[in-house]
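>>> Have a look; sequence and predicted model below, questions after that.
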Amino acid sequence: MRQVCHACLGGVPGEVFVAEKGAGADRRSRRPAVRAAAGGGDDETVTTETVTKETVTTARLFQVDAFAPGPFEGNSAAVLVLQHEPDDEFGPAIGAELNQPATAVVWPAGKPGRFRLRWFTATGELELCGHGTLAAARVLLDDGHSVGDRIQFDTCYGPLEAQSAGEWIQLRFPNLAPEPLADAGLADAVRAALSVPVTEILRNDLDVMAVLDSPAAVRDLQPDLGTLRELPFRGLIVTAEREDFAGEADIVADDTADFVSRFFHVADGTEDQVTGSAHCALGPYWIARLGRQPLTGRQLSARGGLVRVALDGDDVLLGGEALVVAEGVWRLPVANKLIL
């Protein structure tokens, strides 16, 4: 079963999201460059070795916090860097084995700076995954695989591109600006699921979005999961403008967020930690309403995270930080033949 992940996207030009001087300078993982053979270097990312008379394939495996302003924040993703295209059975198996919100599997696409990219969860393959793309870009940029400051990805969604912007990475994704929800019955169902005052209800092809009257209302929301599962959408976005509400300074701390949000999966009611694709609706909405750009959104999930948004033609530009928090070696007997 294919899914759509909620942190979405692919590369950008320009200086829209340049971080403040020194921001995050101590937080990026720095490692010696290890290049895949087709990625512009002499060392191979995937090697074979003999262990107790059994040949195994090894590959570098990373865990990355994406859209994370600091450690233990953002949305977690595993990144597995292969040298060859895996068998179709491999991706779902590794997704289930690692059991991360997303596992990004990358391998060279035949040109320097260009890679194939697929995303998996414990239950299937994702059609599109922004935080997985951001995580993969962080690993490849740190290892020196970029051409200039860009990484290109070939995905089932189409070509994507990630570009380094100081300590941040910028991604490009289609504009998914929402429109008012015209179906009165669905609007009533959304209000019933939320049980709080709603100032506006909108939708796009993926999600329904409810605008609330304060960051506190977004933070404290406890939706009715039973009603939520009946909605014919991928997910429910709730959002509010970040203003100087009395007694609410702790909601968004002292960061520079212009708006806040949360995202709930309709299918099972679970909350996503940081949802890049939701910001493809949130960005155009708040840019139009506030009359300026770029903007910064904070997702008020348990882990939380920051996403910077701007418009560029028909695209939404998303920016975020990604931190490599763990690195190791993945091993599988060659006899499995999943990646040969």
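Received it, and whenever you're ready, just let me know what you need.
>>> what separates the stretch of helix or strand Thr58 belongs to from the chain centre, distance-wise?
Take DSSP states H and E as the rule and Thr58 turns out to sit in strand 54-66. Using Cα atoms, centre = their mean, to the nearest Å, the distance from the centre of strand 54-66 to the centre of the chain it belongs to is 20 Å.
>>> Pull out the buried positions in that strand.
Judged by neighbour count using 16 or more other Cβ atoms under 10 Å, the buried positions of strand 54-66 are Val56, Thr57, Ala59, Arg60, Leu61, Phe62, Gln63, Val64, Asp65, Ala66. Any C-beta I mention is one placed from the backbone N, CA and C, and that applies to glycine too.
>>> Check pLDDT for these and point me to the minimum.
Scanning the buried residues of strand 54-66 for pLDDT, the low point is Val56. It has 71.
>>> beta partners for it?
In this structure, Val56 has beta-bridge partners Glu49, Pro333, where bridges are defined by DSSP bridges.
>>> list the contacts for the spatially closest residue to Gly320 that is not a sequence neighbour?
Across the structure, with Cβ to Cβ, 6 or more residues apart in numbering as the measure, the residue nearest Gly320 apart from its sequence neighbours is Phe67 (4.0 Å). Contact analysis of Phe67 by Cβ atoms under 8 Å, 6 or more residues apart in numbering lists 7, 74-75, 131, 134, 274, 276, 299, 305-307, 320-322.
>>> Where helices are concerned, which of the residues you listed count?
Using DSSP state H, His131, Leu134 are the members of those that sit in helices.
>>> just the contacts of Phe67 now: which is nearest Val196?
Sorting the contacts of Phe67 by distance to Val196 puts Gln299 at the head of the list, at 18.1 Å, by Cβ to Cβ.
>>> wait, what's in contact with the closest one?
Contacts of Gln299 (Cβ under 8 Å, 6+ apart): Phe67, Val260, Ser261, Arg262, Phe263, Asp272, Gln273, Val274, Thr275, Gly305, Leu306, Val307.
>>> How many neighbouring residues does the last one have?
Think Val307. For Val307, the count of nearby residues is 33 (other Cβ atoms under 10 Å).
>>> which residues pair with it across the strands?
Val307 forms beta bridges with Gly297, as assigned by DSSP bridges.
>>> quick revisit: between the buried residues of strand 54-66, which is nearest Glu200?
Using Cβ to Cβ as the measure, the one of the buried residues of strand 54-66 that approaches Glu200 most closely is Ala66, at 29.1 Å.
>>> give the contact list for that closest one.
When contacts are counted by Cβ under 8 Å, 6+ apart, Ala66 touches 7, 74-77, 130-132, 134-135, 138, 274, 305, 320, 322.
>>> What of Pro197?
Taking Cβ under 8 Å, 6+ apart, one finds Leu212, Asp213, Ala217 in contact with Pro197.
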